[in-house]
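S.K.: got a sequence here, can you model it:
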Amino acid sequence: MSKVEIFDPAMCCPTGVCGPSVDPELTRVASAVFTLEKKGFNIKRYQLTTDPAKFVENSEVNKVLHEKGPEGLPVILLNNQLVKVAGYPSNEELAQWFDLTPEELNEKPKARLPINLKKQ
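M.R.: As a prediction, the model looks like this:
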């Protein structure tokens, strides 16, 4: 099974999907990661602000940071191999890595709300 690790730049929150103006690319990535996690796939995101040790411990990521600085982020590893620098994977790339169709990553999560119809 594939393992994907996303090393994000410093952001205001774990997904970067917050604040007054939300970057659509971060929304897409957050949604794809959420879908993959719910399907049981091995995908992890690390943020420079909250997980600095992960950036230091990984020699590939550390090398990118030394050569390119924070402009080299995000860094994407597939099975511990560097596959992308300074950009997020497309849904097509993620689908290929996890043997899915891109459409499976475009599915919107279904909210499940409990409804109690009994009178109190």
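
S.K.: what about residue 48, how many residues close to it?
M.R.: Neighbours of residue 48 under the rule other CB atoms under 10 Å: 18. From N, CA and C alone the C-beta is placed, and that goes for glycine too.

S.K.: do I have it right that it meets residue 56?
M.R.: No - with contact defined as CB atoms under 8 Å, residue 48 does not count as touching residue 56 (10.3 Å).

S.K.: now residue 94, nearest residue through space, not along the chain?
M.R.: Using CB to CB, 6 or more residues apart in numbering and skipping residues adjacent in sequence, the residue nearest residue 94 is residue 32, 5.6 Å away.

S.K.: do I have it right that that neighbour meets residue 91?
M.R.: Yes - Residue 32 lies in contact with residue 91 (CB under 8 Å); the separation is 5.7 Å.

S.K.: looking at the two, which is more packed in?
M.R.: Legend: neighbour count by other CB under 10 Å for residue 32 and residue 91, higher for residue 32 (23 against 20).
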